[in-house]
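> quick one: sequence plus predicted model below, questions after.
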Amino acid sequence: MEKVVIVAIGGNSLVRDNGRDSIQDQYEAVVETAVNIAGMVEQGYNVVVTHGNGPQVGFELRRAEIANEVAGMPEVPLVNCGADTQGGIGYLIQQALTNEFAKRGINKKVATVITQVEVSKDDPNFKNPSKPVGSFFTLEQAEEMKKEHPDWIFIEDSGRGYRRVVASPKPIDIVEKDAIKTLIDSGFVVIAVGGGGIPVIKSDNTYKGIDAVIDKDFATSLLAEQIKADALIITTGVPRVFINYGKPNQKALEKITVEETKQYVAEGHFPPGSMLPKIEASLSFLEHNGSRVIITNPESLKDAINEEAGTHIIA
Ligand SMILES: Nc1ncnc2c1ncn2[C@@H]1O[C@H](COP(=O)(O)OP(=O)(O)O)[C@@H](O)[C@H]1O
Ligand SMILES: NC(=O)OP(=O)(O)O
């Protein structure tokens, strides 16, 4: 039986130029990741792919707002912007993997599942927006925009600049988990819970979209638990997790236990909205029977799975 490995691709790792990348630029970044995923499939892993949409959903939202402000086009709710990015990014990954498999003679089919993820309408995170989306701005730019849009909230994001934040409730259930599992068991490479999934609330057996962006690391960890994956790999913009990140005494972490990781969390080494959700999602997976987590950048994927790169968190 092949080992099921979930690979989560960070939305920021697909965007290199803060919103000025063309779709072709993003496709090229996706192809680089697809090459590495194909390498894992060749090694015999049964790979499930998830992805973020933080930058892309923010660009979509802004595009819709500008179209509304300038041309009177109808507004697009945030939940629909998220659904659009799930389809758009899923398409890029699906095509890149299909082409790479054909090139290497890998006999695997790829399918993207439009995935709804249930959240609670009472989740306290609706009152405390924390998920950075879209472009990075300087403090001066952010202050200027706030004059025009007083309801926008900005946070400083890991020394990279200021970004708008939106509500990010915790995922409770993956609505399409059975379809995802059936496709995996049938030998498909599945792309799912894109952008953390489309947030929906359930009432009287009826689902309804709700404006938010779910953190894809939490949604990925929940999917990993629900399909009983063997390992979780989170790819992002850095080859390893650091303590004292960005300071002169920063230190890359190679292999850490759950207890050591919790200690580093308590010491405040991981900021909310960037590295903290990855660490919390990793701990949750390991505490729900997962055995192995790797955090690394897309180009190190193949080496990381062979323990030659990345940060490894072990149960
Ligand atoms: N302790 C840390 N170790 C490594 N990277 C960190 C740390 N703290 C903050 N970061 C930053 O967090 C980023 C990952 O978060 P983010 O870009 O939001 O994720 P994603 O790739 O899922 O979009 C890294 O690229 C790095 O810039
Ligand atoms: N939805 C989400 O968590 O996206 P990023 O990984 O791009 O932040």
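Received, thanks. Ligands and ions are numbered 1, 2, ... in the order given.
> C-alpha from now on. contacts and neighbour counts both.
Fine.
> assumed residue 65 was part of a strand.
No. Secondary structure of residue 65, determined by DSSP: H, G, I helix; E, B strand; the rest coil: helix, with no strand assignment.
> that one and residue 85: what is the separation?
The spacing between residue 65 and residue 85, counted by CA to CA, to the nearest Å, is 16 Å.
> neighbour-wise, which of those two wins?
residue 85 (23 against 18; other CA atoms under 10 Å).
> what sits against residue 7?
47, 48, 49, 50, 232, 233, 234, 235 (CA atoms under 8 Å, 6 or more residues apart in numbering).
> extract the CA atoms of stretch 134-153 and return them as CSV.
The C-alpha trace of stretch 134-153 is given here as CSV (Å, rounded to 0.1, in the frame of the first residue of the first chain):
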residue,chain,number,x,y,z
GLY,A,134,-3.6,40.3,-1.1
SER,A,135,-0.6,42.5,-1.6
PHE,A,136,1.9,43.8,0.9
PHE,A,137,2.0,47.6,1.6
THR,A,138,4.2,50.1,3.4
LEU,A,139,2.8,51.6,6.6
GLU,A,140,2.3,54.9,4.8
GLN,A,141,0.3,53.2,2.0
ALA,A,142,-1.8,51.3,4.5
GLU,A,143,-2.6,54.5,6.4
GLU,A,144,-3.5,56.2,3.2
MET,A,145,-5.9,53.4,2.2
LYS,A,146,-7.5,53.4,5.7
LYS,A,147,-8.5,57.0,5.2
GLU,A,148,-10.6,55.9,2.1
HIS,A,149,-11.7,52.6,3.6
PRO,A,150,-12.0,53.0,7.4
ASP,A,151,-13.4,49.5,7.8
TRP,A,152,-10.3,47.8,6.4
ILE,A,153,-7.9,46.3,9.0
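> now do that stretch: everything it contacts.
In contact with stretch 134-153 (CA under 8 Å, 6+ apart) are residues 18-19, 54-59, 129, 154, 160-166.
> among those residues, name the ones in helices.
Taking DSSP state H as the definition of helices, these contribute 54, 55, 56, 57, 58, 59.
> ranking these by neighbours, who comes first?
Neighbour-wise, these (other CA under 10 Å) top out at residue 56, 27 neighbours.
> can you list the buried residues in the helix or strand of the chain with the lowest mean pLDDT?
Here the helix or strand of the chain ranked lowest by mean pLDDT, DSSP states H and E is helix 301-305, holding a mean of 89. Applying a neighbour-count criterion of 16 or more other CA atoms under 10 Å, one finds 301, 302, 304, 305 buried in helix 301-305.
> now stretch 107-121
109, 110, 111, 112, 113, 114, 115, 116, 117, 118, 119, 120.
> what's the closest non-adjacent residue to the first one?
Nearest residue to residue 109, sequence neighbours excluded (CA to CA, 6 or more residues apart in numbering): residue 188, at 5.2 Å.
> all strands for the stretch 101-250 of the chain, in order.
110-112, 116-118, 131-137, 154-156, 162-166, 173-174, 189-191, 198-203, 206-209, 231-235, 242-243 (DSSP state E, counting those that start in this stretch).
> tell me where the protein has helices.
23-42, 54-71, 78-104, 139-148, 177-185, 216-226, 258-266, 275-287, 301-305.
> what residues does the last one touch?
Outside of helix 301-305, the residues that reach it under the criterion CA under 8 Å, 6+ apart are 36, 37, 39, 40, 235, 294, 296, 309, 310.
> likewise the fifth one?
For helix 177-185, the external contacting residues (CA under 8 Å, 6+ apart) are 46, 48, 111, 113, 189, 190, 192, 223, 226, 227.
> average pLDDT across it?
Averaging pLDDT along helix 177-185 yields 97.
> any buried residues in it, and which?
177, 180, 181, 183, 184.
> that older thread, does the residue nearest to residue 109 touch residue 106 like I think?
No. Look at residue 188 against residue 106 with CA atoms under 8 Å: they stay out of range, at 11.8 Å.
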